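Novice: Need a 3D model of the sequence below.
(2 chains)
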Amino acid sequence: MSLSLSILLTIALAPLVGSILAGLFGKVIGRAGAHTATILGVAIACGLSFYVLYQLVWGGAQNFNQDVYTWFEIGRFHASVGFMVDRLTAMMMVVVTFVSLLVHLYTIGYMADDPGYQRFFSYISLFTFSMLMLVMSNNFMQLFFGWEAVGLVSYLLIGFWYKRPTAIFANLKAFLVNRVGDFGFLLGISAILYFLGTLDYQTAFNHAPELVGKTLQITQNHAWDAATVIGVLLFIGAMGKSAQVPLHVWLPDSMEGPTPISALIHAATMVTAGIFMVARMSPLFELTDAALSFILVIGSTTALFTGLIGIVQNDIKRVIAYSTLSQLGYMTVALGVSAYNGAVFHLMTHAFFKALLFLGAGSVIIGMHHEQDMRYMGGLRKYMPVTWITMWIGSLALAGTPFFAGFYSKDAIIEAVGESHRWGAGYAYFCVLAGVFVTSLYSFRLLYMTFHGKERFTVAHGHGHAHAAHAKHDQPHDEDHADTHKEDAHHTPGVLEHAPHESPWVVTVPLVLLAIPSIAIGFLTVGPMLFGDWFGKAIHVNEANNVLGELAHEFHGALAMGLHGFTAAPFWLAFAGFAVATYVYLFNPSVADKAKSALKPVYEVLNHKYWIDELYFAVFAKGGVKLGEGLSKVGDAAIIDGAIVNGSASLVQRIAGGARRLQSGFLFHYAFAMILGLILLLGGYWLIGQ
Amino acid sequence: MSNHLLSLLIWLPVVGAIPVLLAGAGRPGLARWISLLVAVATFAASLALLPAYDAATGTLQLGESLSWIPSLGINYSLAVDGISVALIILTTFVQILVIVGAWEIIQNKPHQYMAAMLVLEGLMIGVFCATDALLFYVFFEAMLIPMFILIGIWGGPRRVYATLKFFIYTFFGSIFMLVGLIYLYHKTGGSFAIADMANVHLTLTEQAWLFFAFLLGFAIKVPMVPVHTWLPDAHVEAPTGGSVVLAAVMLKIGGYGFLRFSLPITPDASHEFAWLVIVLSLIAVCYIGYIALVQQDMKKLVAYSSIAHMGFVTLGIFIAFLLVRDSNNPDAARLGMQGAMVQMISHGFISGAMFTCIGVLYDRMHTRQIKDYGGVINVMPIFAPFYVLFAMANSGLPGTSGFVGEFMVILASFSANPWIALFGAFTLIIGAAYTLWMVKRVLWGDIKNKHVAELKDVNGREIFVLSAFAAGVLVLGIWPEPLVHLMDASVARIVEQLAITKV
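Specialist: So this is what the prediction gives:
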């Protein structure tokens, strides 16, 4: 049994067809038509993705690698569109389409009243297509296509509510910061073509060992190692897409987009593209310790320092956004110690529990009638029990509680870092351990502030309001919000028009369906995926770097690993975070304020996110405009047009003016000139004659 | 018929302009329909080039030759290779859209406007077909006249300044080229055939003089920094159709000139001074990018963006010298030069589309100032996706044509020198910055003022024009191979010639 091209084409194109139907013919097919078409498309893709995974794992199917059509062919260079499907790809396909399908379903409830309903479905299906093209690609050109295409959709979705000034600022920022990453990425691809002469993955991997010893001449007497240049440049692309420090600034702002896409794009799938890419390119990265050390340091910095910011956020979505940054940092750290399996494994578990947390936050936001500030929440557990329980499951998984999905993946990463001897591993080990405490602290803080403790909101019209009367308000109406700000005139913070309520089934069912893998997926798959040879040749690790292989000797099943987890340092760090959060946010809320004033400088630094946004805005945005204005005034206006163009025009005018004076119209002037000329001419002949 | 296909392509629109003029001001409807008919017929005839031209060999084909001025050895000789075929089809395609685009927009002497457009079309096709240098020169210069008229009559308030600047700038450049051609005429012993000029033996000094003569002529046309300042002025004052033709086709003639003259006639000087052109191209990408960023006028912004994107054309052509002669990597040279050619065609679609979009807005608001807009998407929901698509193409998004050429040129230039690729790739950031910042201020946001609130969405005619451009942008972006294949053998031949030294 082998995979057929038609199945893979169907997987990729079904969401695209749905997207086109909803996007171009949204008016004709209506709301129901739009969500039916797109959900059908994604459901087909999801079903077939599971089928492909099944065939590869249990059906004995061979890996698939085939071009679909030639994109260009020039001399020995060619680029094509094609698919490479192995277990790594298949796992990504399943994660992408499964989360996407649930998000599509959820959107029916979340966006029910939005005028841009069809447009939204069209975008998320287009995203699914783009992401599938990215993960299924068998070459760098198509990878870059998918890479930028998901960026485009992200741009469109962050700015979905285009009337909001903050949304259209955030989407431009996201696109441009990503372009900085893509700048490096494109140069990395160019370097691969230069050194390996191909854009095809398999050919590049086959020839990768030839990179050893090759260098790139940077200046006359300075050369860099070829593999390191390629590794660092490709990883710069990953830093943009996977929001690693210092290109992380766009991700928190991307929360301006509707919550379903925060879950799908900015947590579960698109932002993990960088992680996937590095894992996919493992044969290249394994050649360069320097680039991997670079990855390790960047990843561990991201893991700890963005997590710290999460502690001081009050917007429920922003807490989760910083948590995403921090978890992406963990994945990057895993890549940095050559634990590619660990990174991809954490990518998968994270996709489930983080999508769950975001969708849960969306459910809270609906229930709270568009309040996102946790300071005006509290005690919601009795109003929305399903959301409450599933959010707890997601947070326990995130915090790394033994037996939950996140435990297996995160614990493995931490152990792998501890095992690694790569330059930077010591720093990374500190960061990832400290990060465990931080993760746990902000996770439980979020739960307590949202679901527990006293209600910090009041209901203006009383609880007895007939449900039918405010049914319309159950649904998001962010569109109206766009006109004014969140804290507008008719919305006093902490005053709700109606009591909070549980969300409709289209919202809660996806929560439950995500809660199941958040609990169980790690337990079920840790053995083969992390310590077995599940990925086969898809991921290549040099024997000397194989930290997971070392750890595999100590692995005696998921149960033993879970039990052992209770005695290990990460668990107790997480427990400490839990304890602090419980004391501060559940039992003694005044401590939080005291701590805030006692640690004011620290709080300020975190609250201002280390002033990185301000710095970038001043240097790159304002500085760029200033530079442009300066160049425009000096270069184009003053020098080229002023001095040269108009200058030569006025020079011509002056010469012409002089010449005009000669033509005075007086006969004696002309006569004089004639005589003078005659003398000169004759004189000249005479001189020549001599 | 088929052996006079090129003549037909040149003269059909020129002769077709006569009945358009005869229809007169009294019957504008008739004038419009005749000109559309002529443009469509020319487009159809240009499509006949595809089966007639054999892309496998890449030679000059479909040649015709008539003695024109025998005493001076000047011939009316035409022939095309893959590159010319692509550019001719681009020209005829864009021309239809320009005529449809001007349909009810040009109310002042529409028959003359349409006629000028058709004459211009014929002359531009002539440039792409001419194999006799003087014939080329005649078309090259004659082309200025209809464009001069288009800007001078249907242009904006500062049209006199703009037309003069445009005319003198380009005329100034081409005078040097003419001197160079006359010199070569003497060297060949009385032939203006470009092929003869390419075969003539020239010392490096001679080549250097000729190289700079050609450089002045073509660099102004492209335009390259620092001789670019006529373009923004010309665009701002030109009517929409004039801008579209100017950006989509006329600028390409500069790039085309480099291929036809500088490369084969002065290969060693071109190699010697390739660094100069490369540096100027990179300046175009980076420096012009920053200047585009701060433009207040949408048309100026897109005009500057054109200069930056044309930088990839000259870059792709001239890195070929480094790759062939210094790195001995002819395949990468072909990649870069193909990138330059694809970029020319792609820029034809994208710039044409961007200027059409701005025209659509200008026709309604009578302003091109970015600050007068804001929240256009709220009132023009059909127009907005087109605008975003073309902006994304202008930012080089993969899947659109804007990506293909730049991708190829950057890939190739890394093989020449990674620093060139580094500065070239900067377009990813700055190109997106100036384009999408404009989109943000014009399209997104809440309705800015009552004029924006009263905007009407695009009508069927405008949707047709925008859709045609969109089709070009997407088809070329998704599947560039047919275009690449059409030009590949011709590009390979040019690259082969580069390797052969003349001194």
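
Novice: Please settle this for me: is B:Leu62 part of a helix?
Specialist: No - under DSSP: H, G, I helix; E, B strand; the rest coil, B:Leu62 falls outside any helix and is assigned strand.

Novice: wouldn't it be in contact with B:Ala52 here?
Specialist: Yes - between B:Leu62 and B:Ala52 there is a contact under CB atoms under 8 Å: 6.1 Å. The C-beta positions use only the backbone N, C-alpha and C, and glycine is treated the same way.

Novice: neighbour count winner among these two?
Specialist: A count of neighbours by other CB atoms under 10 Å in any protein chain shown puts B:Leu62 above the other of B:Leu62 and B:Ala52, at 23 against 15.

Novice: Please measure how far the first residue of stretch B:452-464 sits from its last one.
Specialist: End-to-end distance of stretch B:452-464: 23 Å, with CA to CA, to the nearest Å as the criterion.

Novice: for that stretch, which positions count as buried?
Specialist: Buried positions in stretch B:452-464, judged by neighbour count with 16 or more other CB atoms under 10 Å in any protein chain shown: B:452, B:455, B:458, B:462, B:464.

Novice: Include secondary structure and distance to chain A when you put these into a markdown table, please.
Specialist: Shown next, in a markdown table, are the buried residues of stretch B:452-464 (DSSP: H, G, I helix; E, B strand; the rest coil; distance: CB to the nearest CB, whole Å):
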| residue | secondary structure | distance to chain A |
| --- | --- | --- |
| B:Val452 | helix | 13 |
| B:Leu455 | coil | 16 |
| B:Val458 | coil | 15 |
| B:Glu462 | helix | 17 |
| B:Phe464 | helix | 16 |
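
Novice: Using JSON lines, please lay out these together with pLDDT and distance to B:Ala115.
Specialist: Output for those, formatted as JSON lines (pLDDT from 0 to 100; distance: CB to CB, whole Å):
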{"residue": "B:Val452", "pLDDT": "91", "distance to B:Ala115": "36"}
{"residue": "B:Leu455", "pLDDT": "91", "distance to B:Ala115": "32"}
{"residue": "B:Val458", "pLDDT": "93", "distance to B:Ala115": "27"}
{"residue": "B:Glu462", "pLDDT": "94", "distance to B:Ala115": "23"}
{"residue": "B:Phe464", "pLDDT": "95", "distance to B:Ala115": "22"}
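
Novice: How many neighbouring residues does A:Ala273 have?
Specialist: A:Ala273: 27 surrounding residues under other CB under 10 Å.

Novice: My error: substitute A:Leu196 in the last question.
Specialist: 21.

Novice: just the one 3 residues further on next, same as before
Specialist: The criterion is other CB under 10 Å. On that basis, A:Leu199 has 24 neighbouring residues.

Novice: That one reaches A:Arg76, doesn't it?
Specialist: No - the criterion here is CB under 8 Å, and A:Leu199 misses it with A:Arg76 at 11.3 Å.

Novice: Find the residue closest to A:Cys581 in space, skipping its chain neighbours.
Specialist: To be clear, residue A:581 is Ala; Cys isn't right here. Nearest residue to A:Ala581 in three dimensions, chain neighbours excluded: A:Phe444, at 3.6 Å (CB to CB, 6 or more residues apart in numbering or on different chains).

Novice: and the helix or strand in which A:Leu359 is found, what does it pack onto?
Specialist: Here A:Leu359 sits within helix A:340-367, counting by DSSP states H and E. Counting contacts by 3 or more CB pairs under 8 Å, 6 or more residues apart in numbering or on different chains; DSSP states H and E, helix A:340-367 is packed against helix A:87-110, helix A:259-263, helix A:273-280, helix A:316-336, helix A:385-399, helix A:405-419, helix A:505-525.

Novice: Go through these and name the closest to chain B.
Specialist: helix A:273-280 (14.0 Å; CB to the nearest CB).

Novice: and the angle for the closest one with helix A:316-336?
Specialist: Counting by axes from the mean of the first three to the mean of the last three CA atoms, to 10 degrees, helix A:273-280 lies at 10 degrees to helix A:316-336.

Novice: For burial, what's the neighbour tally of the residue of the stretch 101-250 of chain A found nearest chain B?
Specialist: With CB to the nearest CB as the measure, A:Ser190 is the residue of the stretch 101-250 of chain A nearest to chain B, at 3.5 Å. Using other CB under 10 Å, A:Ser190 has 25 neighbouring residues.

Novice: which parts of the stretch 101-250 of chain B sit against chain A?
Specialist: Residues of the stretch 101-250 of chain B lying near chain A by CB under 8 Å from any CB of the partner chain: B:165, B:168-169, B:226, B:228-230.
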